[in-house]
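1. structure, please.
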Amino acid sequence: MFQGLTSFGFQRHAVQAIGFYLVYTIIGLVALGALGGIAALVTGAQSLEEGMALGLWLGPIFAVVFVAALSFMVLRAKGLLQDVGISVIAVAGVIATGLVGILVGMIVVAFLTTRPANPFIDAEAHPTGQTAAF
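-> Okay, the predicted model is just below:
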């Protein structure tokens, strides 16, 4: 379930994609909380309400950047940046993150990890070592 979590070019099946979703969503939420806490300290928030207001402003921005960065890393590792259809799905995931939240955006990123790599890029990255016999 948690195989190859740091290998963004790895093609996952459904259960592995769920593991990817869980781990990276938790990482994103923890990072978001830490970033919110640091921002509250830096800005000198005097009350819980001020800190929450800052978190509600900063949270969606971080979530969009996080999902966009993960989507880009997956598409780049798989050589799919030129694939218009997959790129549109990635952009839709980033937009959904801004509108709904990180939980929805990470579903799209997890889906992107299930897509096969570009066969031309994959053939260059993993040559078979066989030569044609004449």
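
2. pull the helix or strand with minimum mean pLDDT from this protein.
-> helix 119-125 (a mean of 58; mean pLDDT, DSSP states H and E).

3. how about K78, nearest residue that isn't a chain neighbour?
-> Beyond its immediate neighbours in the sequence, the residue positioned closest to K78 (Cβ to Cβ, 6 or more residues apart in numbering) is A117, lying 4.2 Å away. For the C-beta atoms, the positions are set from N, CA and C on the backbone; glycine is no exception.

4. over to the one you found. Which of the three states is it?
-> Secondary structure for A117, judged by DSSP: H, G, I helix; E, B strand; the rest coil, is coil.

5. need the contact list for the residue nearest the centre of the chain.
-> By Cα atoms, centre = their mean, the chain has its centre lying nearest to L70, at 2.8 Å. Taking Cβ atoms under 8 Å, 6 or more residues apart in numbering as the contact definition, L70 lies against 8, 24, 106, 109.

6. can I get the residues you listed in a markdown table including pLDDT?
-> Rendered in a markdown table, the data for those read as follows (pLDDT from 0 to 100):
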| residue | pLDDT |
| --- | --- |
| F8 | 88 |
| Y24 | 94 |
| M106 | 95 |
| V109 | 95 |
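
7. how near is G33 to W57?
-> The spacing between G33 and W57, counted by Cβ to Cβ, to the nearest Å, is 15 Å.

8. next: G79.
-> Relative to W57, G79 is positioned 37 Å away (Cβ to Cβ).

9. near the closest residue to S71 other than its chain neighbours, how many other residues are there?
-> With Cβ to Cβ, 6+ apart as the criterion, S71 has its nearest non-adjacent residue at 4.1 Å, and that residue is A90. Counted with other Cβ atoms under 10 Å, the neighbours of A90 add up to 25.

10. quick one on the thing from earlier: the residue nearest to the centre of the chain: what secondary structure?
-> Under three-state DSSP, the three-state class of L70 is helix.
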